[in-house]
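In: dropping a prediction and its sequence here:
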Amino acid sequence: MASGKSKITIGNAGGYWGDDTTALRRQVLGGHLDYISIDFLAEITMSIMQKQRARNPASGFAGDMLPMLEEVFATMMQRKTVLITNAGGVNPEGCAEAIIQLAQKLGLRPRVGVVYGDDIMNSIPDLQARGAKLANMETGESFDTIANRVQAANIYFGAWPVVDALSKQPDIIVTGRVTDTGITLAPMIHEFGWAANDWDKISAGIVAGHLLECGAQSTGGNFTDWRKVKSFKNIGYPIVEVNSDASFVLTKHANTGGMVSVDTAREQLFYEMGNPRCYLTPDVVADFSTIQLKPQGEDRVHVSGIKGFEPTPLYKVSMAYTDGFKILGQILISGPDAREKAELFSNIFWERCADLQLTERSTEFVGLNACHRSLSHRTETGEIVLKLGARATTEAPLKKFSKIIPALILSGPAGVAVLGGAPKPAEVVSYWPALMQKELVSPKILIRDASTEERFMSTRTPTAKFTDPAVESQKAESATEGVAAIAAAETDPAMNLLRRICLARSGDKGDTCNVGVMARSPEAFAFLREHLTAQVVKNMFQELCHGPVVRYTVANMDGFNFLLERALGGGGTMTLRSDAQGKTFAQALLNQRMRIPKSVLDSCERG
């Protein structure tokens with residue numbers, strides 16, 4: 001039932017498990033908000049929580065939220081600010097019980113809504129019998145190859161079970177694996193009475209959720225033009241002021257650090273975008289190619305014009321499974337001649353490991369080119385951390401690896417120190433994405449307080465036949481020139497840094513790195529459209545990206561979205577790389593050089 005409101009305010013107070021613990025207090029005390037969302041979950045987080053719950057059945061959720069909530073619980077209830085969070089992890093009912101106990105200590109009597117049923121860990125055989133194939137949605141591999149190694153399995157529910165929970169007027173809602181955008185979309189549907197098939201409005205809610213879900217990344221954090229941010233102290237977290245017609249304004253509380261601009265909004269929208277016309281969620285397929293951004297005063301960006309399509313008939317399933325072991329060790333090598341010495345130590349080390357049964361090995365020179373390889377264009381540095389890593393199917397060879405690390409310090413050139421002593425092998429937990437028919441599972445809802453509870457099923461999951469829309473794209477399968485030719489641009493005085501004409505933001509989805517590139521002017525967009533092709537980016541990142549590069553054009557935001565497949569060493573906990581999530585790829589791209597016309601450079605200076 002719609003509330004009759006014409007506008008609501010929704011703030012975010014966290015984008016991952018480990019985010020700023022003071023953000024909730026700042027959002028609550030900074031000014032009135034109708035709702036606050038906090039996102040705690042990532043793919044690997046679920047397996048960590050499953051392990052915690054195996055040791056202690058009362059755990060398995062983000063307990064970090066409780067002290068954050070304790071500071072402002074009474075104020076939130078007094079102001080009728082509803083908190084919606086996926087802090088429930090793999091034990092949302094346990095999280096709700098912990099909240100009730102906290103409330104009793106504070107003399108409060110909140111109504112707590114719980115959305116659960118996403119954990120299918122113990123239901124997999126039954127679901128398979130009913131038709132769920134659970135093949136890897138990215139590689140097509142059969143689920144049978146990992147079935148006996150699964151540690152966590154969760155459905156990504158959408159907004160509608162949260163909408164059903166909101167109908168019971170709770171003070172707080174905790175969920176399991178609800179999509180990051182779904183916990184923000186739900187209050188819009190609830191307050192404005194949007195229809196389940198109003199794809200445009202639902203898509204606008206998804207875009208608003210995407211701008212909120214990563215916390216301060218929308219308000220100056222990780223921003224290319226970081227020098228324009230006046231202060232990072234007490235950085236303001238994002239807020240959306242949403243109108244009943246689905247247009248909204250992205251902003252932050254006054255007198256907080258950070259900044260909100262069209263460019264900070266663009267960078268976040270490109271983050272993990274994928275195909276811009278097919279941003280897939282359980283509720284809708286949002287079309288990011290229709291987003292219109294306009295400045296609306298200081299720290300305010302108006303967002304409108306968003307279109308969408310019917311969702312697919314499938315849920316995404318996130319699974320985590322054991323996948324052998326890995327180890328990482330490091331030694332500090334000082335100058336002079338740090339690089340030469342590091343290369344020699346590396347050779348000595350791998351010669352000593354020649355008999356070990358390793359499935360993968362890694363050498364990185366941190367301080368020289370660990371993140372960007374030859375794209376860093378550096379030949380010497382004052383000191384290097386030589387980082388050595390390996391993977392194996394069992395722990396035995398890695399235990400031998402561990403003993404060889406500290407033995408290096410007296411075996412080569414001078415000026416060496418071991419960092420952290422002998423490393424220890426760690427279990428690798430890999431990510432397995434799959435798809436499953438929506439009709440095979442239904443979300444469950446619990447409403448409770450200190451003395452009563454009510455349970456019911458949510459059945460309002462939209463299901464329709466989705467048709468993939470056309471989109472302008474390019475694909476490059478393999479490199480066409482060597483790294484030496486790319487590096488030569490460093491010394492060419494006619495070449496200019498790409499950062500002069502564009503911004504960029506990067507991040508991961510499994511083993512694929514998403515690099516969004518946004519032009520600083522229409523002229524720069526036209527130049528980049530012709531010259532920053534999928535092939536050029538494949539050539540740049542050939543040492544890191546072992547799969548194809550796909551480029552999508554996002555003309556409405558003067559940008560391009562690049563997907564670099566097989567670019568993160570397996571991703572997640574599998575990778576041996578320092579930059580496990582591809583966060584630095586955008587910086588590497590911005591630091592490359594091209595022959596850029598003066599007219600294009602001047603257009604960006606004017607902007």
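Out: Here it is on my side, so go on.
In: now the closest residue to residue 121 other than its chain neighbours: how far from residue 272?
Out: Setting aside the residues directly before and after it, residue 121 is nearest to residue 153 in space (Cβ to Cβ, 6 or more residues apart in numbering), at 4.8 Å. C-betas here are computed from N, CA, C, even on glycine. Note on residue 153: its distance to residue 272, by Cβ to Cβ, to the nearest Å, is 22 Å.
In: of those two, who's got more company?
Out: Neighbours were counted for residue 153 and for residue 272 using other Cβ atoms under 10 Å; residue 153 has more, 27 against 20.
In: what sits opposite that one in the beta ladder?
Out: residue 319 (DSSP bridges).
In: so how far is residue 601 from it?
Out: Using Cβ to Cβ, residue 153 is found at 52 Å from residue 601.
In: wait, doesn't the residue nearest to residue 121 sit right on residue 127?
Out: No - using Cβ atoms under 8 Å, residue 153 is not in contact with residue 127, being 9.3 Å away.
In: joint contacts of those two?
Out: Residues within reach of residue 153 and of residue 127 at once, by Cβ atoms under 8 Å, 6 or more residues apart in numbering, are residue 120.
In: list the buried residues of the worst-scoring helix or strand of the chain on mean pLDDT.
Out: Sorting the helices and strands of the chain by mean pLDDT, DSSP states H and E puts helix 483-487 at the bottom, at a mean of 76. Neighbour counts over helix 483-487 (16 or more other Cβ atoms under 10 Å) mark residue 486 as buried.
In: residues contacting the residue nearest to residue 121?
Out: So residue 153 contacts 119, 120, 121, 124, 317, 318, 319, 320 (Cβ under 8 Å, 6+ apart).
In: so where is the chain shaky, pLDDT-wise?
Out: 1, 369-373, 376-380, 462-465, 607 (pLDDT under 70).
In: the nearest residue to residue 7 once chain neighbours are set aside and residue 201: what is the separation?
Out: Of all residues not flanking residue 7 in the chain, residue 243 sits nearest, at 5.3 Å (Cβ to Cβ, 6+ apart). Distance, residue 243 to residue 201, using Cβ to Cβ: 10 Å.
In: of those two, who's got more company?
Out: Neighbour count, other Cβ under 10 Å: between residue 243 and residue 201, residue 201 has more, with 22 against 16.
In: so residue 596, which state does it fall into?
Out: coil (DSSP: H, G, I helix; E, B strand; the rest coil).
In: residue contacts, it?
Out: Listed by Cβ under 8 Å, 6+ apart, the contact set of residue 596 reads 495, 496, 500, 501, 527.
In: residue 585 now?
Out: By Cβ under 8 Å, 6+ apart, the contact set of residue 585 is 506, 513, 515, 541, 544, 564, 567, 579.
In: cool, and residue 485?
Out: By Cβ under 8 Å, 6+ apart, the contact set of residue 485 is empty.
In: now do the one 10 residues further on
Out: In this structure, residue 495 makes contact with 489, 593, 594, 595, 596, judged by Cβ under 8 Å, 6+ apart.
In: go again with 7 Å.
Out: By Cβ atoms under 7 Å, 6 or more residues apart in numbering, the contact list for residue 495 reads 489, 593, 594, 595.
In: can you lay out those residues as JSON lines showing distance to residue 312?
Out: What follows is those, written out as JSON lines (distance: Cβ to Cβ, whole Å):
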{"residue": "489", "distance to residue 312": "43"}
{"residue": "593", "distance to residue 312": "42"}
{"residue": "594", "distance to residue 312": "39"}
{"residue": "595", "distance to residue 312": "44"}
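In: buried subset of these?
Out: Looks like those have 593, 594 buried, using 16+ other Cβ under 10 Å.
In: residue 302: neighbour count?
Out: Residue 302: 18 surrounding residues under other Cβ under 10 Å.
In: confirm it sits in a strand?
Out: Yes - under three-state DSSP, residue 302 falls within a strand.
In: state the distance from it to residue 393.
Out: Counting by Cβ to Cβ, the gap from residue 302 to residue 393 is 54 Å.
In: ok, back up a step: ok, the contacts of residue 596 vs residue 587, which is closest?
Out: residue 500 (14.2 Å; Cβ to Cβ).
In: please look at that closest one and residue 601 and confirm they touch.
Out: Yes - with contact defined as Cβ atoms under 7 Å, residue 500 counts as touching residue 601 (6.0 Å).
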